[in-house]
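**Student:** The following block contains a protein sequence and its predicted model.
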Amino acid sequence: MTVDNPAPATVVNGSGNRIIAGPLTSDSSQHSIIPTRAYTGTAEYALEQERVFSSGWVWAGFAHWVDEPGKVHPVSIGGKPLLIVRDEEQRIRVFHNSCRHRGMVMMEEPAKVRRRIQCAYHCWSYKLDGSLNATPYLKRERGREVPQGAEHLGLLGVSSHVWAGMVFVNLGVEFNSTEAAAADFEGMLSPILQRWNHIDFSRLHLAQEREFDIGANWKLIVENFLDFYHLPFIHPQVGPVSASLDVDDVWLADHILGGTYPRGAAGKAAKTDDALPFLGDVPPERTESQDIFCVFPNALLFLEADWFQVIGFDPTAPDRTMEHMAIFVDAEAGGERYSAARKSLTDILFEVNEQDVPILYRMQAGRHSPASNFTNLVTHWDQITAAFQQLVAQRAGY
């Protein structure tokens, strides 16, 4: 479970917005919290794969990728190949994608298997619960017998938990039961679970999903996500430039950072002609707000009363990140009646994400300049971004 520092104090500025007080104390520090080499260097990339992505709970994929028994979806987390599997009891499991004989990756593409996962090298096979199934010609004789001690030769499991249509894994801790893993995950996520306790996440329906191959370091993606200053300049959908003033910083924990538009839905252009049903019993004071949170390091979450958006991502190189963006609505909105409303919503949200792509390319290009070691985050806009950068620096040891 993540241990956090005490919540920082907040101040209210002249526009009535709440801003966390710190960690920035100057608008002209001329000092970057994270060194520019951390955005471009291979050694720094490898360090973060171990110290950030392999040391705690991280987003690994979507539950709908394995929506029926026998579905297997390979992913890479922290540079480590994994398999997300739906077993015959409808449970989602995660295993290391490594055959117990010679360590070969067994699957490279998503597939549905017939009750067995088989390694192509020597055809060792495993059941969907990870146990060893068969080892053909093991004794140089005909047959598919299972060797003595097979109970110790199953696929190695990875601690995992499913929440809100997402699969999270923890490569840093091997819990002794699924219940222990669930308790630890829920303890880590408790601030957001409490904030969103009015939402019925069991009713999520996938509206649409898209993948983005971004030529930028993963930290720039998070920093852009937490940068509320740029929204009216890059995203006309949020309304007039003055709309950028209608956002509050929100610090829920060191590892859960973001903000909220108290009147987010009302202040933006209408997304639907036929209003989508709410995701649960939303209280009146929350029907117009939009929450924007990063669950460190790689789950970027948007929540309004009638839709939930996730951008989960996997860094694949110092200057490349694969984003998996999914938009969910309430199960009641999954039918034909709301098809136009769903399309209108998803078209706009995908367009917003696409508008950030050229900005991210240029941000990445800027990190090759030594001048980026002397950037200036500013106290009135960048406290949340600075808190994220501090956490990365602490985890990586910069």
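**Tutor:** Received it, and whenever you're ready, just let me know what you need.

**Student:** Report the beta-bridge partners for the nearest residue to residue 295 once chain neighbours are set aside.
**Tutor:** In this structure, residue 295 finds its nearest non-sequential neighbour in residue 256, 5.6 Å apart by C-beta to C-beta, 6 or more residues apart in numbering. All C-beta atoms are positioned from the backbone trio N, CA, C, and that covers glycine. Beta-bridge partners recorded for residue 256 (DSSP bridges): residue 253, residue 295.

**Student:** Return the residues in contact with residue 256.
**Tutor:** Contact analysis of residue 256 by C-beta atoms under 8 Å, 6 or more residues apart in numbering lists 189, 191, 192, 293, 294, 295, 296.

**Student:** quick one: the helices in this structure?
**Tutor:** 42-51, 178-195, 218-225, 231-234, 339-366, 383-396 (DSSP state H).

**Student:** and the residue sitting nearest the centre point of the chain, how far is that from residue 331?
**Tutor:** For the chain, the residue sitting closest to the mean C-alpha position, by C-alpha atoms, centre = their mean, is residue 299 at 2.0 Å. With distances taken as C-beta to C-beta, to the nearest Å, residue 299 is found 22 Å from residue 331.

**Student:** now swap in residue 84 and tell me
**Tutor:** 23 Å.

**Student:** Please apply the same query to residue 307.
**Tutor:** Counting by C-beta to C-beta - residue 307 and residue 331 are separated by 13 Å.

**Student:** Look at these two and report which has more neighbours.
**Tutor:** Neighbours per residue (other C-beta atoms under 10 Å) separate residue 307 from residue 331, with residue 307 holding more: 26 against 14.

**Student:** Now do the same contact list for that one.
**Tutor:** 207, 276, 279, 327, 328, 329, 345.

**Student:** can we see that at 10 Å?
**Tutor:** 204, 207, 265, 271-272, 276, 278-279, 290, 327-330, 333, 341-342, 345-346, 349 (C-beta atoms under 10 Å, 6 or more residues apart in numbering).

**Student:** quick one on the thing from earlier: hey, what's in contact with both of residue 307 and residue 331?
**Tutor:** With C-beta under 10 Å, 6+ apart, residue 307 and residue 331 have common neighbours 204, 279.

**Student:** From residue 390, how far off is the nearest residue to residue 255 once chain neighbours are set aside?
**Tutor:** In space, and not counting its chain neighbours, residue 255 is closest to residue 296: 3.9 Å by C-beta to C-beta, 6+ apart. Separation of residue 296 from residue 390 (C-beta to C-beta): 11 Å.

**Student:** returning to what we had before: now tabulate the helices of the chain in JSON lines and tack on mean pLDDT.
**Tutor:** JSON lines is the format used below for the helices of the chain (pLDDT from 0 to 100):
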{"stretch": "helix 42-51", "mean pLDDT": "98"}
{"stretch": "helix 178-195", "mean pLDDT": "97"}
{"stretch": "helix 218-225", "mean pLDDT": "98"}
{"stretch": "helix 231-234", "mean pLDDT": "87"}
{"stretch": "helix 339-366", "mean pLDDT": "96"}
{"stretch": "helix 383-396", "mean pLDDT": "97"}
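
**Student:** Kindly compare burial across those helices and name the winner.
**Tutor:** Ranked by mean neighbour count under mean count of other C-beta atoms under 10 Å, the helices of the chain are led by helix 218-225, which reaches a mean of 23.

**Student:** Could you list the low-pLDDT ranges of the stretch 1-150 of the chain?
**Tutor:** Along the stretch 1-150 of the chain, segments meeting pLDDT under 70 span 1-4, 143-144.

**Student:** so what sits against both of residue 296 and residue 390?
**Tutor:** With C-beta under 10 Å, 6+ apart as the test, residue 296 and residue 390 both reach residue 254.

**Student:** Contact partners for residue 326?
**Tutor:** 62, 64-65, 165-166, 204, 206-211, 308-312, 346.

**Student:** How about it: what's its closest non-neighbour residue?
**Tutor:** The nearest residue in space to residue 326 (C-beta to C-beta, 6+ apart) is residue 209, at 4.4 Å.

**Student:** Settle this for me: that neighbour is touching residue 325, isn't it.
**Tutor:** Yes - using C-beta atoms under 10 Å, residue 209 is in contact with residue 325, at 6.8 Å.

**Student:** Of these two, which one has the most company?
**Tutor:** Each of residue 209 and residue 325 has its neighbours counted (other C-beta under 10 Å); residue 325 has more, 19 against 16.

**Student:** With that, I have no additional questions.
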